[in-house]
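Predicted model, plus sequence, below.
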Amino acid sequence: MHTLVLATQATEGAEHASNAFLETTSGAIGLAWLIPILPLLGFVLVLVTAKSLRERAAFIAITMSTLSFVLAVAVFFQVSSEPGTHVRPMVDFINAGPLQVSWDLLIDQLTAVMLLVVTGVGTLVHVYSLGYMHGDARYERFFAYLNLFLFSMLVLVLGSSFLMLFVGWELVGLSSYLLIGFWFENPEYAAAAKKAFITNRVGDVSFMVAMFLIFSTFGTLDFFTADHSGVLELAGGLNSTTALAIGLLLMGGAAAKSAQIPLYVWLPDAMAGPTPVSALIHAATMVTAGVYLTARSSSILVMNLDVLTVVAWIGVLTALMAALIAIRQNDIKKILAYSTVSQLGYMFVGIGTGGFSEGVFHLVTHAFFKGLLFLAAGSVMHAMANKTDAWKMGGLRKVMPLTFWTSAIAWLAISGVPPFAGFFSKDQILTTAYEHGFTAVWALGVLTAVLTAFYMSRWFFLIFLGEARYGDDVHPHESPTSMTAPLMVLGVLSLAGGAVLNFTHHGPFYRWLEPVVAGTGDVAFAAHGPLGEPALIGISIVAAVVGIGLAYALYGPHRDLSQGAMSEPIRGPLAELMERKFFVDEAYEAVFVTFGGWVSERLAVFDKRVIDGAVNGAGGITSLGARVTRRAQTGLLRGYLGGVVAGTVVLVAVLLVQVR
Amino acid sequence: MDLLAQAASGGNSNTAEVILFVVFAVIALGAGIAMVTMRNIVHSALMLVINFLAIAGLYLGLQSAFLSIVQVIVYAGAIMVLFLFVIMLLGVDRDDLLVESNKRHLAGAVLGAGLLAAALLFGFVGTYTSAESRCGDQAPADVLRSEDTQPCVGLDEANAASDSGSVGVVADRLFTRYTFPFEVAAVLLTVATIGAMLLGRRHDRAADPAFEPSADVPDDIDVEVAMAALESQRRAAAGAPLVTDDPDVVAADRARILDDETADPSADPSAEEDGEDA
Amino acid sequence: MPIGYYFALSAMMFCIGLAGVLVRRNAIVLFMCVELMLNAVNLTLAGGSRLWGGADGQVFVFFVIVVAAAEVVVGLALIVNIFFRRGTLDVDAPRLLKG
């Protein structure tokens, strides 16, 4: 019912640089449907040929993802030469009255970026897995799943409507489940897969309700349409209550997928999956789907400042809490997992403070350096016979030089040291937060930056510097080329990606995304403090240096850490709290598992008595009827024939009566 | 008698037809009844041959000479010879099974067949027994044509028009309108021949254990007992109940199964019937 | 000669065959009874052919004879097979369908 009003208002708020709607079937975009289809084909082919090709089947998967990447690059260049909202028309998906959903692909600047990140990092991880997964019993299946994931993620970013995005959203959830539980023989891993899946369901419900609300408000689920009546084109006319509801519900979905408070608990457990999976799905791509969703829906979010504020606060609190937990973790993958949660929090700070392109920028650089960190961690685990306790490492600098140098780049990048990639994106998010009046958020962000630099330095120092603390049973060695090559590619990207893409705040990347994300000119942000941009940059650098310095003082090579976890210098109740992850898992266990289980058990009585009673009753009645009627089945030929004769007699009789 | 009276009132050709009909009809019915009631299968088969020959005669009366010949050659000749071959081959000419001894079944069968016959005779045949339906002579001019009687057209004209009589008439239809069914019939015969060859092949069954089972599988399997036994086997193998953990349910289930196993043979009503049959 | 008498004869023959099928237990006799029923129907068709003065009825009879021949060939082969396997032609013996 709002539709007409919205249509007229939509044209007004368009002083912001915006895209033209183009239906494109030519060039690379015309072939864009191949980008998701190729990995899907790879998934099927690998499964089909796994028996006959054995380990060689992996090359099918790599070929497919590489082809997807090449196509994505071509698409990127076409978008850059013909800027606009390209829609590649495909067949209908749902055609039910007012609900019209098609498989159309939406390709604009944001999609192009996501395509490059997903297929690029995806291909690198494929190559990396060649070496990392070597010798695994289900080697081929792993590659099949990786391809399935790529397909799902590409459906997610290419979807031209909320529903298509949701289809991809669910598919990545499935792939994530399959890959976390890849070693399902271990019950803990299987449980972690289930935890991830179920936690994501909570967010999915929120997302679905958001979609229902969107459909009832706008009458469509398409992002953009040829007649400018797409959701994102009409969002300018939303009243603030509806915008609040839709925005918060969307954020609810994003919080589950992108591991934000209160639904972040699944991500640390998801490290049960093979390390390449952690790098690809749980660091670089899938977990950023929530950021993509919120950036895509930015024109809805800007309609209500409260939504933005909530998003920003969720983001910064998640970032802070995860960083605090990461400080006292000992598992090298767990540290990275909490670090991912924390960095995702930064992205949401970017989104929530109106810095949509900054959030996406951090998404990209984070994909580089966090993908690199995970792959490096995998390389270390490969060398250390799959041990993950950071206290049992140390001194790996000499035996694994390539891993050491690439990790060093990633460490400096995530710590926010210029000129590495992470510095630019993180600093630009904090600057945006400050300039848009979120001073408290900014302050907590800076604090988190200190903590980030601290725990990442701890991670780095414990693994690579100092004396070797591993036993004689472990013989570390540098990983094969298939693993180090992706490390080096990501190393270069982490080193230079930030400066090249967006050296200044309103650099090329910002301008690239400007037509896609909503302008914040109409948002009534609070006035910001007195600090200028140079001062903010200075504070960011100082934060990084302080964090690294503190870590060096506590965990540097001059310290005696030979006592393992016993030599942990930070002690006290707060440290204990951090080590136990603030008892969030225990609280969830108490509320949802114990209490929820108690309630469910009470409710189960209804199921047992009434539902089962009805089902069993139906069975009983049928059984009783059968007991009576089975006597008709004599097994005698003449019995059946007699029935036929009797029927014929009756038929003839009826016919006689009717004719007469 | 009614027939004879009608025959007397009609022309010569009609009289001959009536006599032909009555004679062959009596033979056909008699042979049919004899076939069904004979104890010796070979006798039954011979009675059937007689019946077929009588029907061939009736076809003559119906001006279908071609059918008459086909009936004699194919039915009385080929098919019945095949029957006799099989009877001899199997050596079952002394039939010990004989006629059904269950009186209830016998009565039911006769009643059903009788009812159907009655319904057919009184229901449909009547329409065609009026004077108008009389074939082979001129219908009396004074007989009123009503809607529920059917005048007879007869095949005289058609047969006369054809060079070769009845054969020509049938051939005309068979190779024009019914060409395709004719071809299909040819295929059907071929398929039947091949099928019969395949079925009639003597397998070396001893060498092929997979072919053996029918020999030792009892004809009278009590399905319920077998299923219950199978289920309890599966439960025992699993070591735990399959569906539920509730010990009460399991105990009740087990008790029921055991109960069924012990109670079933005597409780099965059809088992008594079997006794009756034998 | 009203055609109805042929029909009446045919109906009676059909029911005799039917009674035979219902009553007898020997598979071969059963089969012969079925042949009797087929012939009864053939007679009706031939009668109809004469009644309406068309050859179609006769053509039908011709086809019925063809099908019957095919059926007898296969049927007897089956009977032979069953006899070799079970050693009996009693149609009441196999009661696998008994409920």
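All right, it came through fine. Residues are numbered from 1 along each chain as shown, chains lettered A, B, ... in the order given.

Can you show me the helices along chain B?
Applying DSSP state H to chain B gives helices spanning B:2-9, B:12-37, B:41-61, B:65-70, B:80-90, B:103-123, B:156-161, B:165-174, B:179-200, B:223-238, B:247-267, B:269-277.

Residues of chain A that sit close to chain C?
A:629-638, A:641-642, A:645 (C-beta under 8 Å from any C-beta of the partner chain). No exception for glycine: its C-beta is placed from N, CA and C like everyone else's.

hmm, try it at 6 Å
A:630, A:633, A:635-638, A:641 (C-beta under 6 Å from any C-beta of the partner chain).

Go through those and name the one nearest chain B.
For chain B, the nearest member of the residues of chain A next to chain C is residue A:638. The distance, counting by C-beta to the nearest C-beta, is 6.4 Å.

For the closest one, which non-adjacent residue is spatially closest?
residue C:22 (5.0 Å; C-beta to C-beta, 6 or more residues apart in numbering or on different chains).

Now the one you found: which helix or strand?
Residue C:22 is part of helix C:4-23, with elements assigned from DSSP states H and E.

Next, the angle helix B:41-61 makes with that helix.
160 degrees (axes from the mean of the first three to the mean of the last three C-alpha atoms, to 10 degrees).

what does helix C:4-23 contact?
A:638, A:641, B:25, B:32-33, B:36, B:100, B:106, B:109-110, B:113, B:116-117, B:120-121, B:125, B:128-129, B:133, C:30, C:33, C:36-37, C:40, C:43-44, C:47 (C-beta atoms under 6 Å, 6 or more residues apart in numbering or on different chains).

which of these are buried?
Neighbour counting by 16 or more other C-beta atoms under 10 Å in any protein chain shown classes A:638, A:641, B:25, B:32-33, B:36, B:100, B:109, B:113, B:116-117, B:120-121, B:125, B:128-129, B:133, C:30, C:33, C:36-37, C:40, C:43-44, C:47 among those as buried.

any idea how far stretch A:524-541 is from the chain center?
30 Å (C-alpha atoms, centre = their mean, to the nearest Å).

For that stretch, give me every contacting residue.
A:416, A:427, A:431, A:434-437, A:439, A:446.

Looking at those residues, which are in strands?
Members of those lying in strands (criterion: DSSP state E): none.

Narrow those residues to just the buried residues.
Of the contacts of stretch A:524-541, these count as buried by 16+ other C-beta under 10 Å: A:416, A:427, A:431, A:434-437, A:446.

so which pair among the residues you listed is furthest apart in space?
A:416 and A:437 (22.4 Å; C-beta to C-beta).

Check which helices and strands the host helix or strand of residue A:247 sits against.
Residue A:247 belongs to helix A:240-257 when assigned by DSSP H and E. Helix A:240-257 sits against helix A:187-218, helix A:289-296, helix A:298-301, helix A:305-327, with contacts defined as 3 or more C-beta pairs under 6 Å, 6 or more residues apart in numbering or on different chains; DSSP states H and E.

can you give me the mean pLDDT across that helix?
Averaged over helix A:240-257, pLDDT sits at 92.

Now do the helices in the stretch 401-550 of chain A.
Applying DSSP state H, counting those that start in this stretch to the stretch 401-550 of chain A gives helices spanning A:401-415, A:421-435, A:439-464, A:481-502, A:508-513, A:533-555.

Helix or strand next in line after the host helix or strand of residue A:596, which one?
Element membership for residue A:596 (DSSP H and E) is helix A:596-606. Where DSSP H and E defines the elements, the next helix or strand beyond helix A:596-606 is helix A:612-629.

Identify the residues contacting that following helix?
Contacts of helix A:612-629 (C-beta under 6 Å, 6+ apart): none.

From residue C:72, how far off is the closest residue to chain C within the stretch 451-600 of chain A?
Nearest residue of the stretch 451-600 of chain A to chain C (C-beta to the nearest C-beta) works out as residue A:600 at 42.3 Å. Distance of residue A:600 to residue C:72, computed by C-beta to C-beta, to the nearest Å: 68 Å.

Can you pick out the residue with more neighbours from the two?
residue C:72 (24 against 11; other C-beta atoms under 10 Å in any protein chain shown).

wait, that one sits on residue B:78?
No. At 8.8 Å, residue C:72 does not count as touching residue B:78 under the criterion of C-beta atoms under 6 Å.

Same question for stretch A:642-660: list its buried residues.
For stretch A:642-660, by 16+ other C-beta under 10 Å, it's A:642, A:645, A:648-649, A:652.

now swap in stretch A:538-551 and tell me
Applying 16+ other C-beta under 10 Å to stretch A:538-551 flags A:539-541, A:543-544, A:547-548, A:550-551 as buried.

give the contact list for the closest residue in space to residue A:547 that isn't next to it in sequence.
Closest residue in space to residue A:547, ignoring its immediate chain neighbours: residue A:453 at 2.6 Å, by C-beta to C-beta, 6+ apart. Residues near residue A:453 by C-beta under 6 Å, 6+ apart: A:415, A:544, A:547-548.

Put together a markdown table for these, with distance to residue A:95 and pLDDT on each row.
Converted to a markdown table, the contacts of residue A:453 look like this (distance: C-beta to C-beta, whole Å; pLDDT from 0 to 100):
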| residue | distance to residue A:95 | pLDDT |
| --- | --- | --- |
| A:415 | 52 | 93 |
| A:544 | 54 | 94 |
| A:547 | 55 | 94 |
| A:548 | 58 | 94 |
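
I'd like to know which of the residues you listed is nearest to residue B:152.
Distances from residue B:152 to these, taken by C-beta to C-beta, are shortest for residue A:415, at 111.5 Å.

So that closest one versus residue A:503, what's the distance?
Counting by C-beta to C-beta - residue A:415 and residue A:503 are separated by 19 Å.

out of those two, which sits in the busier spot?
residue A:415 (27 against 12).

okay, and for the chain, where does confidence drop off?
You didn't say which chain, so I picked chain A. Along chain A, the model assigns pLDDT under 70 to residues A:1-17, A:659-660.

meant chain C actually
Ranges of chain C meeting pLDDT under 70: C:94, C:96-97, C:99.

how about the residues of the stretch 551-660 of chain A near chain B?
A:645, A:649, A:652, A:656.

Share the number of residues neighbouring the closest residue to the last one other than its chain neighbours, please.
Pointing back at residue A:656 there. Closest residue to residue A:656 apart from its sequence neighbours, by C-beta to C-beta, 6+ apart: residue B:123 at 4.4 Å. For residue B:123, the count of nearby residues is 17 (other C-beta under 10 Å).

likewise residue A:51?
Residue A:51: 9 neighbours (other C-beta under 10 Å).

got it, and residue A:617?
10.

and the gap between it and residue A:466?
Taking C-beta to C-beta, one finds residue A:617 at 71 Å from residue A:466.

And the lengthiest helix in chain C, what's buried?
Longest helix of chain C, by residue count under DSSP H: helix C:56-86. For helix C:56-86, the neighbour count (16+ other C-beta under 10 Å) marks C:56-66, C:68-83 as buried.

do the same with stretch A:57-77
So for stretch A:57-77, counting by 16+ other C-beta under 10 Å, buried means A:57-58, A:60-62, A:64-69, A:71-76.

Now narrow those to whatever sits close to chain B.
Okay, of the buried residues of stretch A:57-77, nothing touches chain B (C-beta under 6 Å from any C-beta).
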